[in-house]
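>>> Output the structure for:
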Amino acid sequence: MGFMRSSLACLGALAVLIIATPIDKTSTPAISARAEATVFMCDDTRFRGRCRTDVLQTGSCYNVPESFVDRISSIRNNDRNKDTCTWYRERQCRGESYRNQDDDNLADGNGRFNDAIRSYECKRK
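Predicted structure coming up:
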C-alpha cells in the first residue's frame, strides 16, 4: 500500500512538471504544410492542341508525363506570382534548364526547349 501511494505521488509530480514546462515559441514546427504549384502545358504553341494541368508540391522534381515527353510546345507556371518553376531537358531535373514562367511558343528564340522539356520543379519565391 505504501509503495502504491509513493508511486502515485511521483506520477502526480511528473504530471505537474510536464504540464508546467514552457513551450519554446522560437522553434519551427515539426510538420509544415507544403505549397502547391500549377503547371499548364500544351503540345501546340499558343496553348492549343492537347493540354494538361499538373498540380504539384513545390520543392520536388517531376518528370513530364509519358504522353507529353518530346511534345510540349507551350508551358506556363499558373502560380508565377508565388513560385518560380524551372524546366529541364532531361528527366530527374537534370541537364540544361530554362526559367521563362509563361512561354506560349517554345519554338521561337533558339527553340532548344520546344518538344524537349522532360522534367520540371517549382519553388517558393
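>>> From now on I want contacts and neighbour counts done on CA atoms only, so please keep to that.
OK.
>>> Show me where this structure dips below the pLDDT cut-off.
The chain contains residues with pLDDT under 70 at 1-34.
>>> Spell out the residue ranges of the strands in it.
Using DSSP state E, the strands found in the chain span residues 36-44, 48-57, 61-63, 74-77, 83-90, 94-98, 102-103, 119-124.
>>> Quick one: list the elements packing against the shortest one.
Right, the one you point to is strand 102-103. Packing contacts for strand 102-103, counted by 3 or more Cα pairs under 8 Å, 6 or more residues apart in numbering; DSSP states H and E, involve strand 74-77.
>>> Let me see the residues that make contact with the strand it packs on.
The contact list for strand 74-77 (Cα atoms under 8 Å, 6 or more residues apart in numbering) reads 37-47, 83-85, 101-106, 114.
>>> rerun that using 10 Å as the cut-off
For strand 74-77, the external contacting residues (Cα atoms under 10 Å, 6 or more residues apart in numbering) are 37-49, 51-54, 83-87, 99-107, 113-115, 117, 122.
>>> What subset of those is buried?
Buried residues within these, counting neighbours by 16 or more other Cα atoms under 10 Å: 37-45, 47, 83-87, 100-107, 113-115, 117, 122.
>>> quick one, what contacts the most centrally placed residue in the chain?
Nearest to the geometric centre of the chain sits residue 58, at 1.5 Å (Cα atoms, centre = their mean). Counting by Cα under 10 Å, 6+ apart, residue 58 touches 34-38, 83-85, 121-124.
>>> beta partners for residue 37?
On the basis of DSSP bridges, residue 37 is bridged to residue 56.
>>> May I ask you to confirm that it is in contact with residue 54?
Yes: using Cα atoms under 10 Å, residue 37 is in contact with residue 54, at 8.3 Å.
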